[in-house]
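Visitor: Kindly return the folded structure for what I paste below:
(one chain, ligands or ions: 1)
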Amino acid sequence: MKSDDGVGPFLGVSLQDQIVAWQRWQKSGQRPELHSAVRTFDISPPEGGMFHVLGRVSLNRKWEDQERIQCNVCRIEHKFISDGYVASYDDDGFWYVIGPVCGSDEHQTAVAGAIREHKNREAEKVAEGIVADTMNNYSKWREYYYKLRNAVEIVFEYHNRFRKIAPNSLRALSNIRKSGGALRVVARDAGFNADIGRYQPAVTKTVGRLAGGDFFQGNCLAMKFLRDAVPILELYFADDKTKDDLGEAIYNAIESGKLQKLQNMLSGGFDALHRAHEQYEIACAGLNEANFKVLAKWTANPRNEAGLHIEYAVVEGEVTVHFLDDRPPLEYRGITSDDGYSILQIRQSELQTIDFLRLELRLAAAPAA
Ligand SMILES: [Zn+2]
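Guide: Residues are numbered from 1 along each chain as shown. Next up is the predicted model:
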């Protein structure tokens, strides 16, 4: 028996309970039109009412009746075959069936909004692990991504300048990195020791250590990893993207059975972002004033094994490093000293510490028994 008068059976029932009721009905293998809460096709949804999608509906081959599904918006009895929605409205208590491309202009905006809300809700419910965390902490991840991207651009720029103005010094530092980063000086020369009657090799001692060694090589690793992360993360965090886009991607992945693929992709993106972050910190250590202080002291020692000569000065947080054995290439004459050695200026305030953002992995809540 079906009544289209008076108060709808779901008036005052929570949205979540209505969704559960709709899902139960769908599992029972019956047409939406047969549910007692669903309005007959000739009754339109309430105008301007707050609208909620309960779920999707498509023709099911198991239904006894294989007629097209009704649309309450068009008020047509046999309207569509697939991708429609069952919806409820606030302060109404009935359900309505809506075709996939239906509704007047203002109604369509409400429908689009409700469908988006429905997709986000479903995405949040089913998604787990990385996908769920990205969804739950969308704005945090977005902010982290942008902060890191800007920070890596800065060290990339320093790396480029370093590589261009002081290639010999960069190479020398790279060799020190390869041999473990120890800054050694000769403590005793090699030679014949008359007291013991034999030849003795040279003895060196370590007086310091190169910080941020990985920064001093041919490529900027922070940028290398960032470039791996960007094509993936831009899909969800680009300027024109919102949490709704991610929700929709998750929803579509669920519908098409590709959730695992999406998880692997996001996982790869965040992994590359974290590697870029690690390399950013290494670059900051390499460009830090303290590092050049140690290097300057070491290279000034006549018994060093450096093969390079560095001096440095600090004025108001700006470190000026002089690479005394690097002749500047012609095009960099503009930023070299009269003595013909290269200068790198590093503004320490540009090298900000960024807090690591970790994934808060959790499993999706088990469905209530
Ligand atoms: Zn319609």
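
Visitor: When you work out contacts or count neighbours from here on, use the C-alpha atoms and nothing else.
Guide: Will do.

Visitor: average model confidence for the one helix or strand Asn160 maps to?
Guide: Asn160 is part of helix 138-165 when elements are defined by DSSP states H and E. In this model, helix 138-165 has a mean pLDDT of 94.

Visitor: what stretches of the stretch 251-369 of the chain score poorly on pLDDT?
Guide: Where the stretch 251-369 of the chain drops to pLDDT under 70, the residues are 328-340, 360-369.

Visitor: Given the helix or strand hosting His52, what are its sheet partners and their directions?
Guide: When elements are defined using DSSP H and E, His52 is found to belong to strand 51-57. Strands flanking strand 51-57 in the sheet, each with its direction: strand 84-89 (antiparallel) (DSSP bridges).

Visitor: how about the partner strand against the ion, any contact?
Guide: No: residues of strand 84-89 are not located near the ion by CA under 5 Å from the ion, the shortest gap being 8.9 Å.

Visitor: Can you tell me what sits against the helix or strand that that strand is followed by?
Guide: Counting by DSSP H and E, the next helix or strand C-terminal to strand 84-89 is strand 95-98. Residues outside strand 95-98 that contact it (CA atoms under 8 Å, 6 or more residues apart in numbering) are 32, 37-39, 44-45, 70-73, 84-89.

Visitor: Just the buried positions in the helix holding Asn160, please.
Guide: Neighbour counts over helix 138-165 (16 or more other CA atoms under 10 Å) mark 138, 141-142, 144-145, 148-149, 151-152, 154-156, 158-159, 161-165 as buried.

Visitor: can you check stretch 163-181 too?
Guide: 163-177, 181.

Visitor: cool, stretch 247-257 as well?
Guide: Gly247, Glu248, Ala249, Ile250, Tyr251, Ala253, Ile254.

Visitor: Can you lay out these as JSON lines showing secondary structure and distance to Glu318?
Guide: Formatted as JSON lines, the buried residues of stretch 247-257 follow (DSSP: H, G, I helix; E, B strand; the rest coil; distance: CA to CA, whole Å):
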{"residue": "Gly247", "secondary structure": "helix", "distance to Glu318": "45"}
{"residue": "Glu248", "secondary structure": "helix", "distance to Glu318": "47"}
{"residue": "Ala249", "secondary structure": "helix", "distance to Glu318": "46"}
{"residue": "Ile250", "secondary structure": "helix", "distance to Glu318": "46"}
{"residue": "Tyr251", "secondary structure": "helix", "distance to Glu318": "50"}
{"residue": "Ala253", "secondary structure": "helix", "distance to Glu318": "50"}
{"residue": "Ile254", "secondary structure": "helix", "distance to Glu318": "52"}
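
Visitor: Filter those to keep only those in contact with the ion.
Guide: Answer for the buried residues of stretch 247-257 near the ion: none qualify (CA under 5 Å from the ion).

Visitor: Do I have it right that Cys220 meets Glu157?
Guide: No: Cys220 lies out of contact with Glu157 (CA atoms under 8 Å); the separation is 9.3 Å.

Visitor: Give me the below-cutoff pLDDT ranges for the stretch 101-250 of the chain.
Guide: 103-107, 126-127.

Visitor: how about the residues of it that lie near the ion?
Guide: The stretch 101-250 of the chain has residues Cys102 near the ion, with proximity defined as CA under 5 Å from the ion.

Visitor: before we move on, the earlier item: just the residues contacting the following helix or strand past the helix holding Asn160, thanks.
Guide: As assigned by DSSP H and E, the chain's next helix or strand after helix 138-165 is helix 167-178. With CA under 8 Å, 6+ apart as the test, helix 167-178 has contacts from 162-163, 182-183, 210, 213-214, 216-217, 306-309, 323, 325-326.

Visitor: Tell me the buried residues within the residues you listed.
Guide: Buried among the contacts of helix 167-178 (16+ other CA under 10 Å): 162-163, 182-183, 210, 213-214, 216-217, 306, 308-309, 323, 325-326.

Visitor: quick one: which of the residues you listed sit in strands?
Guide: Using DSSP state E, Ala182, Leu183, Phe323 are the members of the buried ones among the contacts of helix 167-178 that sit in strands.

Visitor: Using TSV, lay out these together with distance to Tyr236.
Guide: Listed next are these as TSV, based on distance: CA to CA, whole Å:
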residue	distance to Tyr236
Ala182	43
Leu183	45
Phe323	43
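
Visitor: Is there a neighbour count for Ser14? I'd like the number.
Guide: 9 (other CA atoms under 10 Å).

Visitor: Which element, helix or strand, includes Ile343?
Guide: Per DSSP H and E: Ile343 is located in strand 342-347.

Visitor: scratch that, Ile282
Guide: helix 259-286.

Visitor: counting contacts, what elements does that helix pack onto?
Guide: If contacts are counted by 3 or more CA pairs under 8 Å, 6 or more residues apart in numbering; DSSP states H and E, helix 259-286 sits against helix 129-136, helix 138-165, helix 221-237, helix 243-255.

Visitor: about what we covered before: from the buried residues of stretch 163-181, which single one is nearest the ion?
Guide: Distance to the ion, by CA to the ion, is smallest for Arg163 among those, at 63.9 Å.

Visitor: circling back: report the inter-axis angle for the following helix or strand past the helix holding Ile282 versus strand 342-347.
Guide: The C-terminal neighbour of helix 259-286 among helices and strands, as given by DSSP H and E, is helix 289-300. Counting by axes from the mean of the first three to the mean of the last three CA atoms, to 10 degrees, helix 289-300 points 160 degrees away from the direction of strand 342-347.

Visitor: I would like the residues contacting stretch 283-290, please.
Guide: With CA under 8 Å, 6+ apart, stretch 283-290 has contacts from 155, 210-216, 222, 291, 314, 319, 346, 348, 351.
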